[in-house]
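Participant: Below is the sequence, then the predicted model.
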Amino acid sequence: MPLKIATWNINSVRLRIGIVEQFLSEHQPDILCLQEIKCQNDQFPYKNIRKLGYEHIAVHGQKGYHGVATISRRPFVEYSSRDYCGMGDTRHLATITKAGGKPLCIHNFYVPAGGDEPDPAINPKFAHKLQFLEEMLELSANANGMDNILVGDLNIAPHENDVWSHKQLLKVVSHTPVETEFLDRIRDQGNWHDLVRAKIPVDEKLFSWWSYRARDWDASDKGRRLDHIWSSAELAASLSDITIIRDARGWEKPSDHVPCIAVFDLD
DNA sequence: ATGACGGATCTAATCCGA
């Protein structure tokens, strides 16, 4: 049985529950990790999700901003969240489920955007982002004797071809060397594998986010690859497919991010 | 200027995203 895992920054799950349902029906992932749900736990649209066969729903939300949720057809053994930077905001959710006869831990992240100015001395939001990344260094794909997956909106486009113009974005938050090198370090130190780039060669431009401000997002195509799917080595070896649903950016009342999907051949 | 849109909030103007 293949295992299909998706991640999507939905930018308000209540406003966009219609396209969440559409996505689940069309693509039938086993597990979907959402970011920026922008609601409190009791406001999450549980009924709509359960109706489609996703009985297991872990929500870590807050009023108005941020918030992550992981929804699944498979039961969770347990779930937890870590309060990164001790700010009391809702940016992480770890769920443990079973896949291929082994426990599988999925970390669902919404990394701080970092504001406008890439200087921690004058911009507290950028300082927060760097501190958050510092704490992510503690994560290891080889921890806990489980298979491990790390997904989410990491708000960093690491490679030159993960942005529309490497040159023009070098000083723009999300693609500055301090951020991209930090993300590389988190990945390498934790023995994580970047599954999207394992399947789609780095000489190909690849984006998962396009600004709402562009007059025509598709024609100008000034996107960035901010959403990621990483895994431990064993899982990476069983990866069978990666898809970025670019079309979703053109759906009715879209999120500015699109879903990314990984499929694993387990057993 | 890459680009001024689009979400939530004690409904109106303000904060936030990246």
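Facilitator: Sure, I can see it.

Participant: Spell out which parts of the stretch 151-267 of chain A neighbour DNA strand B.
Facilitator: A:153, A:155, A:168-169, A:172-174, A:209, A:211-215, A:220, A:222, A:224, A:226, A:253, A:256-257 (CB under 7 Å from any atom of the strand). For glycine as for every other residue, the C-beta is placed from the backbone atoms N, C-alpha and C.

Participant: quick one: low-confidence ranges for chain A?
Facilitator: Applying pLDDT under 70 to chain A flags the ranges A:267.

Participant: From A:R91, how far off is the residue most central in space within it?
Facilitator: Averaging the C-alpha coordinates of chain A gives a centre point, and the residue nearest to it by CA atoms, centre = their mean is A:G152 (1.3 Å). Between A:G152 and A:R91 the distance is 9 Å, computed by CB to CB, to the nearest Å.

Participant: Let me see the backbone angles for A:I106.
Facilitator: When read as degrees, to the nearest 10, the backbone of A:I106 gives phi -120, psi 120.

Participant: just to revisit the earlier point, name the residues contacting each of A:G152 and A:R91.
Facilitator: Taking CB atoms under 8 Å, 6 or more residues apart in numbering as the criterion, A:G152 and A:R91 both touch A:68, A:109-111.

Participant: Where neighbours are concerned, which of the residues you listed has the most?
Facilitator: Within those, A:Y110 tops the neighbour count with 27 neighbours, counted by other CB atoms under 10 Å.

Participant: Can you give me the neighbour number for A:N144?
Facilitator: Neighbour count for A:N144, taken as other CB under 10 Å: 12.

Participant: Going along the chain, name the strands of chain A.
Facilitator: With DSSP state E applied, chain A shows strands at A:2-9, A:31-35, A:56-60, A:68-72, A:78-80, A:92-99, A:102-110, A:147-153, A:193-194, A:209-210, A:223-224, A:227-231, A:239-244, A:260-265, listed in chain order.

Participant: so which of these gets nearest A:A127?
Facilitator: Between A:A127 and the strands of chain A, the shortest separation by CB to CB is 17.5 Å, and it involves strand A:102-110.

Participant: Need the residues that contact the closest one.
Facilitator: The set of residues that contact strand A:102-110 without belonging to it, under CB under 8 Å, 6+ apart, is A:5, A:7, A:9, A:31, A:33-36, A:66-70, A:77, A:90-98, A:136, A:139, A:144-154, A:235.

Participant: which of those count as buried?
Facilitator: Burial of these was assessed by neighbour count (16 or more other CB atoms under 10 Å); the buried members are A:5, A:7, A:9, A:31, A:33-36, A:66-70, A:90-97, A:136, A:139, A:146-154, A:235.

Participant: So for stretch A:114-131, what gets flagged as buried?
Facilitator: Applying a neighbour-count criterion of 16+ other CB under 10 Å, the buried positions in stretch A:114-131 are A:114-115, A:118, A:120, A:123, A:126-131.

Participant: Tell me which residue in the stretch 51-200 of chain A sits closest to DNA strand B.
Facilitator: A:A113 (3.2 Å; CB to the nearest atom of the strand).

Participant: is it true that that residue touches A:F132?
Facilitator: No - with contact defined as CB atoms under 8 Å, A:A113 does not reach A:F132; the gap is 10.6 Å.

Participant: more crowded one of the two?
Facilitator: Comparing A:A113 with A:F132 by other CB under 10 Å, the one with more neighbours is A:F132, at 22 against 16.
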